[in-house]
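> Output the structure for:
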Amino acid sequence: MWSFITSLFRKKKAPAIRAGTLAALWLILCCVHAAAQDAPPAESEPSAEAAQPAESTEPSGETPPTEQGDELIIELTGSDDVDAAWELARDADGKIAGVFPSPIRVEYKAASLLLLADSAVIWVTPREKREGDVLDLADDFLNNVESIEIYAEGSIWLRYGEDTAIQADRLYLDLAKGALKTYSMRGVIDGPHAHSDPKVLRERSLLLDETTEDDDGINPFRIEERRFLFLRAKKLKIFELTPDSSGRTVVELEDGRVTGNSLAVPSYAMGADRIRIELTRFRRTLTLDDPSVYLYGTRIFTLPITNYLYDLDSEFPRTRFTLSDSDAFGSTFRFQTDVITAYDFFFDPQPTFRPFQFSPQIDTFSERGVGLGAELFTGRERDFGDDAVLWMHGYHIRDDGDRREVARDLGYFPLRSADRGRFLAYGRASFPEAFQLEGNVHYASDPAFIEEFERDEFKENYPRRTFIFGRKDFLSHSFFIDVSPRIRPFTDEVERLPVAGFMTWREPVGPRSLGLLMSADGTAGYYRIQTADHDHPFNNYDFLRADTKLLLSRPMDFGLFSLEPGFGLRVTASDRKVTAANNPLYDPLLGFAPPAFGTAEVGEDIASRIQTVGYLDWQTNFVRTWPGEKGGLLGLNGLRHIVTLQNRWENVFSSSASASDFLQTDEVSALDPAQRLTMSVRNRFQTRRRIPGTNTWRTEDMLDVLAALPVYPNSARDNGGERLGDLEISAAAKPHPYVRVQSGTFWDTREFEWRRIYGTARVNVREDLALNLHWRLMESRHEVIGASFETLLSHNYAISARQDYDVRAGKFRDTVLTLARHTLDAFAINFTVRRDAILEDLNFGLSISGQFGPRRK
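Numbers count the residues shown, from 1 in each chain. Now for the predicted structure:
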């Protein structure tokens with residue numbers, strides 16, 4: 001929930017209210033539900049200014065319940081030379097009034113309320129009306145409390161609940177009728193300075209769930225997005241503060257400025273004679289008349305627009321300058337800036353959305369030429385319901401080529417001037433009635449472009465398939481359509497132009513007493529094989545194919561273990577038939593062994609087959625718990641141990657035709673009679689842990705290890721004569737909330753050696769220091785180990801480093817050192833050194849970026 005925290009400072013000539021937060025006011029008003037009271041009774045002797053007619057803010061809401069037996073604790077805190085006299089009196093209705101003209105401390109535990117004030121009048125409504133002497137009156141006042149009203153003056157500090165605090169000069173609060181009053185001017189605060197979150201010492205640290213105290217010793221308020229906003233104005237008017245489902249808040253500034261900068265002279269501000277701030281659960285907007293833009297206190301320009309709308313959910317523009325030098329590109333200058341508008345051109349602007357954002361880019365390389373690029377993002381995201389996002393990125397360069405000797409060895413293209421570039425696009429949209437649409441476009445001019453210009457992306461091996469995918473879900477059924485053309489001529493791909501299909505998950509069929517479940521899936525479409533090698537025997541072949549599978553299963557639970565057999569049919573048909581001898585050679589494009597090159601013939605005959613398939617699942621769990629295990633180094637809150645044993649037997653019993661009759665494009669084409677038994681064991685240790693920063697507990701796996709081993713009963717037919725397949729082991733450990741370890745491996749049971757290993761570990765040594773380790777091993781390819789760390793040196797300085805070592809090459813690679821400096825609240829400076837011994841490249845970079853406006857912390 002967006003909230004404002006208002007700090008109101010005293011003026012030299014006339015005292016002004018000093019309030020703690022609009023968020024605090026909002027939270028207090030959540031307990032308000034009745035009409036405002038009249039001015040305090042005469043015996044409270046309020047000031048003449050306070051005696052003017054009072055107006056109140058009366059949002060709807062529920063008053064926090066008052067617990068029976070909670071007493072009112074009052075302490076006189078004035079110095080010895082201050083008159084500490086006080087008076088108690090009971091009126092005709094039984095209400096007790098206490099007048100305290102000297103400094104006082106009031107604590108009311110039933111409402112989690114703590115008040116410090118120079119003077120106060122307190123009215124107590126007793127739970128039971130009793131008659132008695134002065135001692136009984138004092139006892140009723142302190143211990144027989146049903147509800148209270150407070151009028152206070154002077155230097156006031158009020159805490160309500162766990163994280164709400166207000167500072168003010170005058171205050172009237174009625175917990176019984178739910179009224180918070182201001183006098184002379186309703187909901188008006190003079191000379192406010194406000195901000196949306198208190199100062200947090202480690203605002204850019206690694207862990208975002210822990211906070212510290214601000215300068216006043218008040219616990220910071222949590223806001224959803226940690227976006228900072230500072231206000232300055234001549235006058236602030238509160239129009240609406242309501243705790244309903246919309247969370248509506250409306251305030252107005254006169255002669256005000258809004259900025260994302262905490263400095264006395266902000267780096268950036270938007271100002272106007274009238275600024276209206278409207279906050280709801282769905283949207284947060286500013287409305288300004290004749291808005292002006294200020295940079296470091298100087299007005300740059302004014303827009304002659306009435307009711308100019310700005311959305312606070314907008315990402316404020318960022319401008320970046322980067323200077324670097326490398327062996328591959330020479331001296332480089334990059335300029336990139338954001339052009340952002342608050343309006344959503346494509347969708348209804350009422351829901352939360354990400355605004356239209358366009359970022360042009362220009363690169364100048366002394367050794368390669370000039371590159372031009374642009375990035376676009378627009379759309380909206382929701383937790384539920386329809387949403388849509390669109391992202392595009394394009395880049396072009398007239399490349400003079402990498403003329404280093406190592407580039408020739410690596411086969412980089414070109415070694416002469418050529419037009420190179422890329423275009424990426426991704427879009428996603430969700431519509432009513434469970435319909436989803438997703439698309440991806442990936443084009444590059446040549447195979448080496450991404451490896452040269454986007455090294456980090458190349459190493460991550462992001463998916464580069466171009467597709468449009470639509471899906472409609474209905475209960476346990478799903479229907480989809482997939483269109484996947486090839487747009488990069490140097491790749492090997494199977495195009496789907498288009499392919500439609502359906503899936504059904506475990507739908508009950510037949511009489512309920514039988515307990516039968518049906519699962520089915522199927523595809524039908526037009527396929528085309530495209531290869532980079534134009535001499536490939538199947539290049540540019542197209543065909544139609546339909547495939548469907550139907551399974552019936554019967555889950556059975558026997559207590560100690562569960563059993564599920566399944567049996568069904570699979571039918572496949574294609575309008576192309578291959579006639580040729582078998583070829584044992586593996587084709588990396590197809591993933592299978594196609595017919596021999598010299599004998600391959602593809603006719604227009606129909607290829608079809610009917611297969612009978614079945615499976616049997618068996619599973620059992622062993623569970624033991626230790627609820628009394630608490631604390632310790634691992635931070636236990638109970639302990640549970642789960643061991644799961646599972647076996648799955650799968651069999652294609654028979655087939656009316658061979659897989660070699662079909663053009664090999666995927667696992668459907670290659671399906672032949674086969675039998676496999678997969679044995680697995682999973683070992684887990686679990687405990688309950690609190691989600692950082694909340695009071696919510698969840699069950700977490702401290703250790704999760706899974707081992708799976710395939711066994712082939714007909715090994716000669718299905719696995720080259722080897723009875724066992726590769727043993728796969730994966731593990732994840734979180735022994736402490738700040739320690740994470742993940743690893744996985746494949747063990748060759750035939751050669752008794754590791755085929756592939758990966759492992760990562762992350763340790764948060766403290767909230768501002770994180771260490772990372774990683775290891776990658778691929779048989780006969782590469783073995784890389786590495787480490788990295790990131791830490792805060794101070795409030796404004798951060799440093800990170802990464803070092804990889806190629807064990808097989810015996811060289812260091814990917815040496816990266818980054819020093820970041822945040823200055824003037826709007827600028828970030830990054831200095832980076834990067835060296836790759838494999839590519840023989842050394843790079844120095846200096847980046848300066850400025851973001852004038854609110855930002856995420």
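
> Show me which helix runs longest in the chain.
When the chain is parsed with DSSP state H, its longest helix is helix 134-143.

> so how far is that helix from its chain's centroid?
On the basis of Cα atoms, centre = their mean, to the nearest Å, helix 134-143 is displaced by 54 Å from the centre of the chain it belongs to.

> in that helix, what's buried?
The neighbour-count check on helix 134-143 (16 or more other Cβ atoms under 10 Å) flags 137, 140, 141, 142 as buried. (Each C-beta comes from the backbone N, C-alpha and C, glycine too.)

> Show me what counts as buried in the next helix-or-strand element following that helix.
Following helix 134-143 in sequence order, the next helix or strand is strand 145-160 (DSSP states H and E). Going by neighbour count (16+ other Cβ under 10 Å), the buried part of strand 145-160 is 145, 147-154, 156-160.

> just stretch 366-373 next, same as before
Of the residues in stretch 366-373, 367, 368, 369, 371, 373 count as buried by neighbour count, 16+ other Cβ under 10 Å.

> Mind putting the residues you listed into TSV with distance to residue 552?
Shown next, in TSV, are the buried residues of stretch 366-373 (distance: Cβ to Cβ, whole Å):
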residue	distance to residue 552
367	66
368	62
369	64
371	59
373	55
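
> Where do the helices of the stretch 451-600 of the chain begin and end?
In the stretch 451-600 of the chain, the segments counted as helices under DSSP state H, counting those that start in this stretch are 455-460.

> What of the chain?
Using DSSP H, the helices found in the chain span residues 22-29, 134-143, 405-410, 449-453, 455-460, 715-718.

> hmm, back to that, just checking, which of the buried residues of stretch 366-373 belong to strands?
Using DSSP state E, the members of the buried residues of stretch 366-373 that fall in strands are 369, 371, 373.

> Could you identify the least confident member of the residues you listed?
On pLDDT alone, residue 369 ranks lowest of these, at 88.

> and which of the buried residues of stretch 366-373 is nearest to residue 289?
Taking Cβ to Cβ as the measure, residue 289 sits nearest to residue 373 out of those, at 37.9 Å.

> Quick check: that closest one vs residue 324, distance?
Using Cβ to Cβ, to the nearest Å, we find residue 373 at a distance of 16 Å from residue 324.

> circling back to that earlier point, could you redo the ones in strands among the buried residues of stretch 366-373 as TSV and give each row distance to residue 833?
Below are these laid out as TSV (distance: Cβ to Cβ, whole Å):
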residue	distance to residue 833
369	24
371	22
373	24
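
> in the protein, which strand has the most residues?
Among the elements of type strand in the chain, defined by DSSP E, the one spanning the most residues is strand 607-631.

> distance between that one and the chain's centre?
31 Å.

> Walk me through which strands it pairs with, and which way each runs.
The strands that strand 607-631 pairs with in its sheet are strand 561-574 (antiparallel), strand 636-655 (antiparallel) (by DSSP bridges).

> Rebuild those as CSV, extending it with mean neighbour count and distance to residue 733.
Converted to CSV, these look like this (neighbours: other Cβ atoms under 10 Å; distance: least, Cβ to Cβ, whole Å):
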stretch, mean neighbour count, distance to residue 733
strand 561-574, 17, 28
strand 636-655, 16, 14
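
> Including distance to residue 515 and mean pLDDT, could those strands go into JSON lines?
Shown next, in JSON lines, are those (distance: least, Cβ to Cβ, whole Å; pLDDT from 0 to 100):
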{"stretch": "strand 561-574", "distance to residue 515": "10", "mean pLDDT": "94"}
{"stretch": "strand 636-655", "distance to residue 515": "20", "mean pLDDT": "91"}
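
> and residue 823, bridged to which residues?
Beta bridges link residue 823 to residue 827, judged by DSSP bridges.

> From what I see, it and residue 794 are in contact.
No - the pair residue 823 / residue 794 is not scored as a contact, 11.9 Å apart, by Cβ atoms under 8 Å.

> isn't residue 477 right up against residue 502?
Yes - here residue 477 reaches residue 502: they are 6.8 Å apart, a contact under Cβ under 8 Å.

> Relative to residue 451, how far out is the nearest residue to residue 367 once chain neighbours are set aside?
Among residues not flanking residue 367 along the chain, residue 330 sits closest, at 3.3 Å (Cβ to Cβ, 6 or more residues apart in numbering). Residue 330 sits at a distance of 18 Å from residue 451 (criterion: Cβ to Cβ).

> which one of the two has more residues nearby?
residue 451 (17 against 14; other Cβ atoms under 10 Å).

> Could you tell me how far the more buried one is located from residue 407?
Distance from residue 451 to residue 407, counting by Cβ to Cβ: 11 Å.

> quick one, what contacts residue 505?
Applying Cβ atoms under 8 Å, 6 or more residues apart in numbering, we find residue 505 in contact with 476, 477, 478, 519.

> Pipe the residues you listed into CSV and attach distance to residue 805 per row.
Listed next are the contacts of residue 505 as CSV, based on distance: Cβ to Cβ, whole Å:
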residue, distance to residue 805
476, 50
477, 51
478, 46
519, 48
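
> So among those, which ones count as buried?
Buried among the contacts of residue 505 (16+ other Cβ under 10 Å): 478, 519.

> Can you flag which of the contacts of residue 505 belong to strands?
477, 478, 519.

> The second one reaches residue 500, doesn't it?
Spelled out, that is residue 478. No - with contacts counted by Cβ under 8 Å, residue 478 stays clear of residue 500, the gap being 11.8 Å.

> Can you get me a residue count around residue 437?
Residues lying near residue 437 (other Cβ under 10 Å) number 16.

> is the residue nearest to residue 367 in a bridge, and if so with what?
Bridge pairing for residue 330 - DSSP bridges - gives residue 326.

> got the contact list for it?
Going by Cβ under 8 Å, 6+ apart, residue 330 touches 365, 366, 367, 368.

> cool, residue 561 as well?
Residue 561 is in contact with 618, 619, 620, counting by Cβ under 8 Å, 6+ apart.

> Identify, from those residues, the entry nearest to residue 763.
For the contacts of residue 561, the minimum distance to residue 763 (Cβ to Cβ) is 34.9 Å, reached by residue 619.

> Quick check: the gap between the closest one and residue 364.
According to Cβ to Cβ, residue 619 stands 62 Å off from residue 364.

> tell me the mean pLDDT over stretch 499-519?
In this model, stretch 499-519 has an average pLDDT of 92.

> and it, how far from the chain's centre?
In this view, stretch 499-519 has its centroid 36 Å away from the chain centroid, taken as Cα atoms, centre = their mean.

> pull the CA atoms of that stretch into PDB?
The C-alpha atoms that make up stretch 499-519 are tabulated as PDB, following Å, rounded to 0.1, in the frame of the first residue of the first chain:
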ATOM      1  CA  VAL A 499       0.800 -27.000 -35.600                       C
ATOM      2  CA  ALA A 500      -2.400 -27.300 -33.500                       C
ATOM      3  CA  GLY A 501      -2.900 -29.600 -30.600                       C
ATOM      4  CA  PHE A 502      -4.800 -30.400 -27.400                       C
ATOM      5  CA  MET A 503      -4.100 -31.900 -24.000                       C
ATOM      6  CA  THR A 504      -6.300 -33.500 -21.400                       C
ATOM      7  CA  TRP A 505      -5.100 -34.200 -17.800                       C
ATOM      8  CA  ARG A 506      -6.500 -37.100 -15.800                       C
ATOM      9  CA  GLU A 507     -10.100 -36.600 -16.600                       C
ATOM     10  CA  PRO A 508     -12.500 -39.100 -14.700                       C
ATOM     11  CA  VAL A 509     -14.300 -41.400 -17.100                       C
ATOM     12  CA  GLY A 510     -16.800 -44.200 -16.700                       C
ATOM     13  CA  PRO A 511     -18.500 -45.200 -13.500                       C
ATOM     14  CA  ARG A 512     -17.100 -43.500 -10.400                       C
ATOM     15  CA  SER A 513     -16.600 -46.900  -8.700                       C
ATOM     16  CA  LEU A 514     -14.000 -47.900 -11.400                       C
ATOM     17  CA  GLY A 515     -11.900 -44.800 -10.600                       C
ATOM     18  CA  LEU A 516     -10.600 -44.600 -14.200                       C
ATOM     19  CA  LEU A 517      -8.700 -41.500 -15.300                       C
ATOM     20  CA  MET A 518      -8.100 -40.500 -19.000                       C
ATOM     21  CA  SER A 519      -5.100 -38.500 -20.200                       C
END
